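Visitor: here you go, sequence then predicted model.
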Amino acid sequence: MAVRRKWWITALLVLAALLGVLAWHSTGLSAQARAGAAYGARIGCSCRYVEGRSMGSCQQDKEPGMAMVRLTDLPEEKAVKASVPLLASRTAHFRPGWGCLLDPVG
């Protein structure tokens, strides 16, 4: 019984430490997710609708460290949505004469 109690106490302390670290870095993590989603949407849209490349090819344009950014082609809207799961998403639409523009944050 004592061993089981020590295990639970250790597990709770580790969980509390992880939550503390996450809370400490959440502002920076959130800002990085928003920036990554915006960059991904803009670059993905330009690759797909300005250059006319496939989405598979456009995935290779992501910078190192952007593994969490997911690109989704929205062909009926001529847009690309980029998202970081649970943290951020942005969409960029192709506008003739203007290229790809990010939708306003709202």
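Guide: Structure's in. What do you need? Please read all numbers here as calculations on a predicted model, not as lab measurements.
Visitor: which residues in the protein form strands?
Guide: Taking DSSP state E as the criterion, the chain carries its strands at 70-74, 79-84, 88-95, 99-102.
Visitor: mind checking which of those strands is nearest Asp61?
Guide: With Cβ to Cβ, the closest approach to Asp61 among those belongs to strand 70-74: 9.2 Å. For every residue, glycine as well, the C-beta is placed using N, CA and C.
Visitor: that older thread, just the strands of the chain: most buried one?
Guide: strand 79-84 (a mean of 23; mean count of other Cβ atoms under 10 Å).
Visitor: mean confidence for that strand?
Guide: The average pLDDT within strand 79-84 is 96.
Visitor: what strands flank that strand, and is each parallel or antiparallel?
Guide: Here strand 79-84 has these sheet partners by DSSP bridges: strand 70-74 (antiparallel), strand 88-95 (antiparallel).
Visitor: kindly reformat the strands of the chain as CSV containing distance to Pro64.
Guide: CSV is the format used below for those (distance: least, Cβ to Cβ, whole Å):
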stretch, distance to Pro64
strand 70-74, 16
strand 79-84, 15
strand 88-95, 19
strand 99-102, 22
